[in-house]
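Engineer: With the input below, show me the fold.
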Amino acid sequence: MLAMQPPPGALPVALLLLVGAGCAAAGRQAVDSPALGRLVDVSAPDLGGQEVRVADRRGDVRIVDFWATWCEPCREQFPVLERLARAHREEGLSVFAVALDEDRARVAAYLETTPLPFTVLWDQGGGRHAGRLGLGRLPTTLVVDRAGWVRFVHQGHQDGDAERLDREVRQLLTEPR
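Structural biologist: Down below sits the predicted model:
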């Protein structure tokens with residue numbers, strides 16, 4: 001598999017994280033992640049600089065997707081996340097996309113041409129979360145229950161994955177608050 005490389009100037013953390021594995025173009029994999037079975041502990045500033053804590057959405061089912069602008073499979077997954085966000089927002093689904101790019105302006109420029117209907121956060125080069133959560137490939141997607149526990153972790157994306165994510169979200173939405 002040919003791994004996509006980040007643009008010149010990316011932080012060493014991002015390089016170490018992704019050079020060997022790259023974007024997960026070969027498809028989604030359920031993984032045994034350090035995040036699995038733990039309370040969600042993800043926070044980062046939005047593009048306006050306001051700190052956002054995913055845990056503050058307690059009571060909602062949450063999807064936390066780690067991505068980068070240069071990662072094609074990450075960008076291909078956005079329509080899936082958009083459909084889920086729109087379909088299940090009223091039932092209590094919140095979606096967060098955490099950009100791991102080094103350059104905030106690059107993320108902002110991407111969002112100008114491709115606006116997303118959910119919260120976008122910026123973890124510069126993955127410095128806050130890459131190592132701690134074991135983000136070995138992008139995209140990495142955490143599916144979090146209403147109480148804040150990470151119940152599913154996936155790495156990668158391929159076209160048939162929408163049904164799996166939808167099943168997981170529906171399962172968690174039916175559980176008591």
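Engineer: out of all of them, which helix in the chain is the longest?
Structural biologist: Taking DSSP state H as the criterion, the chain has its longest helix at helix 72-88.
Engineer: What is the distance between it and the centre of its chain?
Structural biologist: Offset of helix 72-88 from its chain centre (C-alpha atoms, centre = their mean, to the nearest Å): 10 Å.
Engineer: Report the spatially nearest residue to Val42, omitting neighbours in sequence.
Structural biologist: In space, and not counting its chain neighbours, Val42 is closest to Val54: 4.4 Å by C-beta to C-beta, 6 or more residues apart in numbering. C-betas here are computed from N, CA, C, even on glycine.
Engineer: Phe118 is in contact with the one you found, correct?
Structural biologist: No. In terms of C-beta atoms under 8 Å, Val54 does not count as a neighbour of Phe118; the distance is 11.7 Å.
Engineer: got a list of contacts for the longest helix of the chain?
Structural biologist: 4, 23-25, 61, 63, 65, 67-69, 93, 95, 97, 114, 116-118, 138-139, 141, 156-159, 161-162, 165-166, 169-170, 173 (C-beta atoms under 8 Å, 6 or more residues apart in numbering).
Engineer: Kindly export the helix or strand following it (C-alpha atoms) in CSV.
Structural biologist: Sequence order places strand 93-99 as the next helix or strand after helix 72-88, per DSSP states H and E. Listed next in CSV are the C-alpha coordinates belonging to strand 93-99 (Å, rounded to 0.1, in the frame of the first residue of the first chain):
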residue,chain,number,x,y,z
LEU,A,93,-26.0,12.6,17.9
SER,A,94,-23.1,15.1,18.0
VAL,A,95,-20.2,14.8,15.5
PHE,A,96,-16.8,16.3,16.0
ALA,A,97,-14.0,16.3,13.3
VAL,A,98,-10.6,16.9,14.9
ALA,A,99,-8.1,18.1,12.3
